[in-house]
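# below are the sequence and a predicted model; questions follow.
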Amino acid sequence: MTADHLTATFAALADPTRRAILTRLARGEANVTELARPFDMSQPAISKHLKVLERAGLISRGREAQSRPCRLSASRLKEATEWMERYRKFWEQSFDRLDEFLVDLKKEKSRGDK
Amino acid sequence: METSNSRMEGARPPELRITRVFDAPKQLVFEAWTKAEHLSRWFTPAPLTTHGCQLDFRPGGVFRLTMRTPDGIEFPMDARFTEIVPDERIAFAATVHGDLKILTTVTFAETTNGKTTLAVHQVYSHESDATRGANAGWTLTLDQLAAALRG
């Protein structure tokens, strides 16, 4: 995974409308009209969001000229999730050391108190 | 004892939550974050070691350190504290990959038996040129760090 991918993915995910669109698409494919319905937004505005999601590789669109149904592409989301998982591992390993450090810090403090 | 999850979808931005219970009062757990010599002893995951930890423990202050692998590869981290509430909460902001901003909030909660629940919450967001903080930059790349930990 490249840094550019990640930046594009997180940039696309930074917008609440785009996250809501992805949430909707997680339930199944939909066209622009269907996606625009829950939002107080024009279809051209929704189309702009779809272009950002498509460029980030988060969705793909059908070739049918009129409806062009959108569907979720899971692989880029998975990459971003895996990247976040590395942070989880990082913290868990840090916490293991913090656990040991606190034992030492307690001892150092009790020695200092005497 | 320990729960964690990552979320990517829905109405909230991508975020990570991790909690751990430590057998120490929260003043002590908080103290572990307040001094460079303390952080140097635990913040970096083994077998990496911490070098040149600089800490200006106040809002706006720097939080910098370099993690080094046993074969000498270095991963610098450069963040800034955005909020400090003694014994309660610490937040710091860093940027990775140039545009990706990470805000980390650490909260300390004492349980009834003198133990402390530490919760780390990380939010990932994209920062535009217009909103980018001038100096905060987390240049640690986790792909490399993960490789180093495996190696």
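In hand now; what should we look at?

# just want the most central residue of chain B.
In chain B, the residue lying closest to the centroid (CA atoms, centre = their mean) is B:T104, at 5.8 Å.

# that residue contacts B:T82, correct?
No - using CB atoms under 8 Å, B:T104 is not in contact with B:T82, being 9.3 Å away. To be clear about C-beta, it is placed using only N, CA and C from the backbone, and glycine gets the same treatment.

# run a quick neighbour tally on A:N31.
17 (other CB atoms under 10 Å in any protein chain shown).

# strands of chain A, start to end?
A:59-61, A:70-72 (DSSP state E).

# deepest-packed of the ones you listed, please.
Most buried of the strands of chain A by mean neighbour count (mean count of other CB atoms under 10 Å in any protein chain shown) is strand A:70-72; its value is a mean of 20.

# which secondary structure elements does it contact?
If you count contacts as 3 or more CB pairs under 8 Å, 6 or more residues apart in numbering or on different chains; DSSP states H and E, strand A:70-72 packs onto helix A:16-25, strand A:59-61.

# save the strands of chain A as TSV, and put in mean pLDDT too.
Shown next, in TSV, are those (pLDDT from 0 to 100):
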stretch	mean pLDDT
strand A:59-61	93
strand A:70-72	91
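
# buried residues in the helix ranked longest in chain A, which are they?
Secondary structure of chain A per DSSP state H: the longest helix is helix A:74-113. For helix A:74-113, burial by neighbour count (16 or more other CB atoms under 10 Å in any protein chain shown) applies to A:76-77, A:79-81, A:83-84, A:87-91, A:94-95, A:98, A:101-102, A:105.

# so which of the helices and strands packed on strand A:70-72 gets nearest chain B?
Chain B lies closest to helix A:16-25 among those, at 5.3 Å (CB to the nearest CB).

# does any bit of the closest one sit next to chain B?
Yes - using CB under 8 Å from any CB of the partner chain, helix A:16-25 comes into contact with chain B via A:P16, A:R19, A:A20, A:L22, A:T23.

# which residues touch B:S40?
B:T50, B:C53, B:L65 (CB atoms under 8 Å, 6 or more residues apart in numbering or on different chains).

# part of a strand, is the last one?
Yes - counting by DSSP: H, G, I helix; E, B strand; the rest coil, B:L65 is part of a strand.
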